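> Here you go, sequence then predicted model.
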Amino acid sequence: MHRIAVVPGSFDPITLGHLDVIERAAGIFDELHVLVVHNPGKTALLPIAQRVSLIEKAVREGGLPENIVVTSWSVGLLVDYCTDVGASVLVKGIRSQVDVAYETPMAIVNRDLAGVETVFLLPNPAHAHVSSSLVRQVASLGGDVSPYVPPVVAHYLQSPRE
Ligand code: PNS
């Protein structure tokens, strides 16, 4: 059986914590889709297409497995994407009890809606404190984000843009 899993998220921007979860999930499943989804509850820093591009570059530069597909989804439910591509599993990284509380209702709703199960992976403790919101804040105030994000993201955030 060809098992397809999806790692969904805002990835605004992708962090080393995300990349760690993506790499380990890619080792578990036959095919792993990293899916950038707009979260209306968050104020975005980067356009969706830019997030996809940075993830693709980070995956390539990091030498991650070749069974990783990076794309985005903006129409309908996350589980609709899963159904479209034949994915039966969602993968989420869990850093803390706060993440458990945030993710649990979504996992149950996604299972109710389409029978899609959610698998939680624990992060490398070195990245347990890292979040995209922290990176956005440090970057917006001119700080060095290189300890928290792939080099391509640090370079992008620290380069002057229009
Ligand atoms: O990285 P984030 O912002 O925590 O990711 C949250 C995300 C995008 C995975 C979540 O908002 C989501 O699943 N959105 C898709 C909309 C949807 O299907 N909602 C109903 C089930 S929760």
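Now that the structure is in, tell me what you want to look at. Residues are numbered from 1 along each chain as shown.
> who touches the lengthiest helix in the chain?
Counting by DSSP state H, the longest helix found in the chain is helix 97-114. Residues outside helix 97-114 that contact it (Cβ atoms under 8 Å, 6 or more residues apart in numbering) are 77-80, 82-83, 90, 92-94, 116-118, 120. Bear in mind the C-beta positions are built from the backbone N, C-alpha and C, glycine included.
> Briefly note if that helix comes near the ligand.
Yes - applying Cβ under 6 Å from any ligand atom, one finds helix 97-114 touching the ligand at Met106, Val109, Asn110.
> And that helix, what's buried?
Asp99, Glu103, Ala107, Asn110 (16 or more other Cβ atoms under 10 Å).
> how about the helices in this protein?
Under DSSP H, the chain gives helices at 16-28, 48-61, 78-85, 97-114, 132-140, 151-158.
> Which residues does the fifth one contact?
Taking Cβ under 8 Å, 6+ apart as the criterion, the residues outside helix 132-140 that touch it are 10-15, 18, 42, 45, 144-145, 148-149, 153, 157-158.
> In ChimeraX, select just the buried ones from these.
The ChimeraX selection below is limited to those of these classed as buried (16+ other Cβ under 10 Å):
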select :10,11,12,13,14,15,18,45,145,148,149,153,157
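> Quick check: which of the contacts of helix 132-140 are also close to the ligand?
Within those, those near the ligand by Cβ under 6 Å from any ligand atom are Ser10, Lys42.
> Need the max-distance pair from the contacts of helix 132-140.
Lys42 and Asp144 (23.2 Å; Cβ to Cβ).
> Near the ligand, which residues of the protein? Just list them.
Applying Cβ under 6 Å from any ligand atom, we find that the chain lies next to the ligand at Pro8, Gly9, Ser10, Val37, Asn39, Lys42, Leu77, Leu78, Met106, Val109, Asn110.
> Leaving out the residues flanking it, which one is nearest to the first one?
When the adjacent residues along the chain are set aside, Pro8 lies closest to Leu35, with 4.5 Å between them (Cβ to Cβ, 6 or more residues apart in numbering).
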